[in-house]
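1. Build me a structure from this.
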Amino acid sequence: HKIIQREDVFITSKLYNTNHHPTRVIPSLRKTLADLGLKYLDLFLIHWPMAFTDTNGTVKYDRTPNTETWRVMEEAVRMGLTRSI
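-> Below you'll find the predicted structure:
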């Protein structure tokens, strides 16, 4: 049996719509990494270019600008949590 090394696999994940707020981006990415047992992603995407909030099961449109979300995603690259966005 051949063991696959992490470097041999390209792993992509997405930032869910309710995590676009700048304070939620890094915690969401860290949770994804923990769930997958990884140190980093190869590619981290915005799932959909519209932000939402989820309050007690009620999903509403959120006006978080995509530029704010993207700024924190750039920080995630600098932190080594993802290689590309």
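2. only C-alpha atoms for contact and neighbour calcs from this point on.
-> OK.
3. Which helix or which strand is home to the residue nearest to residue 13 when sequence neighbours are not counted?
-> Distance criterion Cα to Cα, 6 or more residues apart in numbering; nearest residue to residue 13, sequence neighbours excluded, is residue 44 at 5.2 Å. Assessed by DSSP states H and E, residue 44 sits inside strand 43-46.
4. Mind listing what's buried along that strand?
-> Using 16 or more other Cα atoms under 10 Å as the test for burial, strand 43-46 gives 43, 44, 46.
5. Rounded mean pLDDT for the next helix or strand after that strand, please.
-> Proceeding N to C from strand 43-46, the next assigned helix or strand is strand 51-55, under DSSP H and E. Average pLDDT, strand 51-55: 91.
6. May I have the strands that pair with strand 51-55, each with its orientation?
-> strand 58-62 (antiparallel) (DSSP bridges).
7. Low-confidence regions, this protein specifically.
-> Within the chain, no stretch falls below the threshold (pLDDT under 70).
8. hmm, try it at 80
-> For the chain, the stretches flagged by pLDDT under 80 are 1.
9. what's near enough to touch the residue nearest to residue 13?
-> 12, 13, 14, 15, 82, 84, 85 (Cα atoms under 8 Å, 6 or more residues apart in numbering).
10. Please report the distance of it from residue 81.
-> 9 Å (Cα to Cα, to the nearest Å).
11. now residue 59
-> For residue 59 relative to residue 81 (Cα to Cα), the value is 28 Å.
12. quick one: which of the two has more around it?
-> residue 81 (21 against 12; other Cα atoms under 10 Å).
13. Excluding chain neighbours, what is closest to the more buried one?
-> For residue 81, the spatially nearest residue (Cα to Cα, 6+ apart) is residue 40, at 4.5 Å.
14. Check residue 10 too.
-> Closest to residue 10 by Cα to Cα, 6+ apart is residue 42, at 5.8 Å.
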